[in-house]
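Visitor: Any chance you could fold what I've pasted below:
(one chain, ligands or ions: 1)
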Amino acid sequence: MENMQARDLYSFYGKSPVILGVSFDLDPGEFLAVLGRNGVGKTTLLKSIMGLTDRCEGGLAFGSQDILGLSTPQRSKLGIAYIPQGREVIPQFTVRENILMGTFARPDGKRDIPDYLFEMFPILDEFISRRGGDLSGGQQQQLAIARALAMDPKILILDEPTEGIQPNIVKQIEDAIVRLNRERGLGIILVEQNVPFARTASDRFLVLDKGRVVLSGKSEDLTDDVVEKHLTF
Ligand SMILES: Nc1ncnc2c1ncn2[C@@H]1O[C@H](COP(=O)(O)OP(=O)(O)OP(=O)(O)O)[C@@H](O)[C@H]1O
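Guide: This is a model prediction of the structure:
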């Protein structure tokens, strides 16, 4: 399994730098939580990992390979799956078709939907022939996660997956993310506002402020003082 290593990343929209010298490490199977107030660059950091900003400089390695020069689909094929904020399932496609789309990023060309997805999210099995657009917000998030998993990734990158989702489904989604990490060994990079969840679920955290890492460490060190100083408004 590969590790990810970011060194002194700078990332731009047009000429404006939004990420200013960010470094982090993600060991194989590790869970990294990315925290910070609104607008500090959390989403931009995730987009930078996927090659979705206008320009990104510095070092970004996945295993022994430098990936900054690769296109977004090439990064996906290496096993880096990204679930953007707002889910983005295709509303006219059925649940099955949405999940099948994920398999197109598989390097081995297989088109099978892994059974464990339906064990994890039984509602998707029940609604397999419904249109994605007819699912609730929480169900669409489950579908977006299932679609990303259908590509058999090594790392899953999630941007506030439980934002705006009804509470009973939040727990299911959080449990699924933890199980994917602990039982299936997936590396996780999670942007999260819910600090208690980040603390219990992740191994390491980093706090961004104005595009820079202002604090990082082991998640057990995510104390109330840290939250008070860096994360409250
Ligand atoms: N496509 C874009 N073009 C230009 N500037 C952008 C673009 N997307 C974001 N920005 C700017 O980059 C900065 C960081 O935004 P980003 O969305 O990465 O922050 P965030 O920490 O994820 O915030 P939130 O918690 O609100 O999602 C903001 O100042 C934002 O206005």
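Visitor: how close does Leu158 sit to Lys47?
Guide: Going from Leu158 to Lys47 by CB to CB, to the nearest Å gives 13 Å. No exception for glycine: its C-beta is placed from N, CA and C like everyone else's.
Visitor: repeat for Leu100
Guide: Distance of Leu100 to Lys47, computed by CB to CB: 25 Å.
Visitor: who's more crowded, those two?
Guide: A count of neighbours by other CB atoms under 10 Å puts Lys47 above the other of Leu100 and Lys47, at 23 against 16.
Visitor: Just the pLDDT for the more buried one.
Guide: For Lys47, the model assigns a pLDDT of 98.
Visitor: Mind telling me what element it is part of?
Guide: Assigned by DSSP states H and E, Lys47 falls within helix 42-50.
Visitor: can that helix be found next to the ligand?
Guide: Yes. Applying CB under 6 Å from any ligand atom, one finds that helix 42-50 is in contact with the ligand at 42-44.
Visitor: Just the closest of the residues you listed to Phe233, please.
Guide: Lys42 (15.0 Å; CB to CB).
Visitor: May I have the secondary structure class of Gly39?
Guide: coil (DSSP: H, G, I helix; E, B strand; the rest coil).
Visitor: What are the contacting residues of the helix holding Lys47?
Guide: 4, 6, 9, 11, 13, 18-19, 22, 34-36, 53, 56, 60, 72, 75-76, 80, 82, 84-85, 157, 159, 189, 191, 208, 211 (CB atoms under 8 Å, 6 or more residues apart in numbering).
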